[in-house]
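> how would this look folded up:
(chains A and B)
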There are 2 protein chains.
Amino acid sequence: MTARQNFAYNLRSLRSTKGISQERLADLAELHRTYVSSVERCERNISIDNMEKLAAALGVDIRDLLQPNDNPSDRIR
Amino acid sequence: MTARQNFAYNLRSLRSTKGISQERLADLAELHRTYVSSVERCERNISIDNMEKLAAALGVDIRDLLQPNDNPSDRIR
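Here you go, the predicted model:
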């Protein structure tokens, strides 16, 4: 898995676990909802500044969003 | 410290520890030397794909480059 794939997977996973919608997360991070959606679909080569905004909005360390994931069947399509 | 600052600091620190020049690291990561230099000076809002390239070129985990640093006197100027 690439860093981008791990980030996308962890972002969606942590957001869902916390019961936060994409729209709410986007508001908290001061980003656009469609941008958050495209990051979760692994379509965006997100920058470090925006990675940090999303981590802060979720209340996690930026490194938590880069944790490798080992369950390929549970991946972002 | 921001994620960008931590990344810049860790990149320069790990590169120096390994005795690799900016030019050599840029070659290994398939990036331009001036780009690596500007990332180390904290001037660039680097993307996740390029962060991964630099981590791979240094032989470290991308998360190692985002480790917080607690010694302000030892910072990138």
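> Work out for me the element the closest residue to A:Val60 other than its chain neighbours sits within.
Leaving aside its chain neighbours, A:Val60 sits nearest to A:Leu14 (6.2 Å; criterion: Cβ to Cβ, 6 or more residues apart in numbering or on different chains). The C-beta positions use only the backbone N, C-alpha and C, and glycine is treated the same way. Under DSSP states H and E, the secondary-structure element containing A:Leu14 is helix A:3-17.
> And that helix, what's buried?
Using 16 or more other Cβ atoms under 10 Å in any protein chain shown as the burial criterion, the residues of helix A:3-17 that qualify are A:3-4, A:6-15.
> any idea how far that helix is from the chain center?
Mean-position distance between helix A:3-17 and its chain equals 4 Å (Cα atoms, centre = their mean, to the nearest Å).
> Touching that helix from outside, list them.
Counting by Cβ atoms under 8 Å, 6 or more residues apart in numbering or on different chains, the neighbours of helix A:3-17 from elsewhere in the structure are A:1, A:22, A:25, A:36, A:39-42, A:45-46, A:51, A:54, A:58, A:60, A:64-69, A:74-76, B:48-49, B:51-52, B:55, B:62.
> Is chain B within reach of the helix or strand immediately after it in the chain?
Per DSSP H and E, the first helix or strand lying C-terminal to helix A:3-17 is helix A:22-29. No: judged by Cβ under 8 Å from any Cβ of the partner chain, helix A:22-29 stays clear of chain B, getting no closer than 13.2 Å.
> got a pLDDT number for the residue nearest to A:Val60?
A:Leu14 carries a pLDDT value of 98.
> Tell me how far it lies from A:Asn69.
Between A:Leu14 and A:Asn69 the distance, using Cβ to Cβ, to the nearest Å, works out to 12 Å.
> quick one on the thing from earlier: looking at the buried residues of helix A:3-17, spot the one nearest chain B.
Among those, A:Ala3 lies closest to chain B (Cβ to the nearest Cβ), at 4.1 Å.
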